[in-house]
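Undergrad: Structure of the sequence below:
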Amino acid sequence: MGGGGKYPYPKWVWSYYGGWWPAPKNAATNTIITGVGILGLTALAFNFSAKHEVRHRYPDRWIPSMLWAREFHDPASQKMWKEQLAKEGREWIEPIPDWWPFKK
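TA: Residues are numbered from 1 along each chain as shown. So this is what the prediction gives:
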């Protein structure tokens, strides 16, 4: 039930799991390289998204993006939101809540 032995394969083929045959010699190293790559791309996407985030309507409750969105920390934006909320009869929600452990 073997189907034969391993046959010659192209040595230039690279794959995550370590090569042409599933007997990974470099699996741990490849996992670290792939993980660092994924984390790097995720960080770049998060950074781009956070810089370009815009709210057209003030949230009804605290949301996590209030921690990093510029419009909740910029004094000019805060003034604009507070004026808008006063017209609507709503309250300002602190972007960094009291229970948050990493306060500035």
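Undergrad: Spatially nearest residue to Arg55 (excluding sequence neighbours)?
TA: Spatially, and ignoring its direct neighbours in sequence, Arg55 is nearest to Glu71 (6.1 Å; C-beta to C-beta, 6 or more residues apart in numbering). (Glycine included, C-beta is placed from N, CA and C.)
Undergrad: er, Ala69 I mean
TA: In space, Ala69 is closest to Glu53, 5.1 Å off (C-beta to C-beta, 6+ apart).
Undergrad: hang on, isn't that neighbour packed against Ile63?
TA: No - Glu53 is beyond contact range of Ile63, at 11.1 Å (criterion: C-beta atoms under 8 Å).
Undergrad: buried stuff in the helix or strand where Ala50 lies?
TA: For Ala50, the element it lies in under DSSP states H and E is helix 27-51. Within helix 27-51, the residues scored as buried using 16 or more other C-beta atoms under 10 Å are Asn30.
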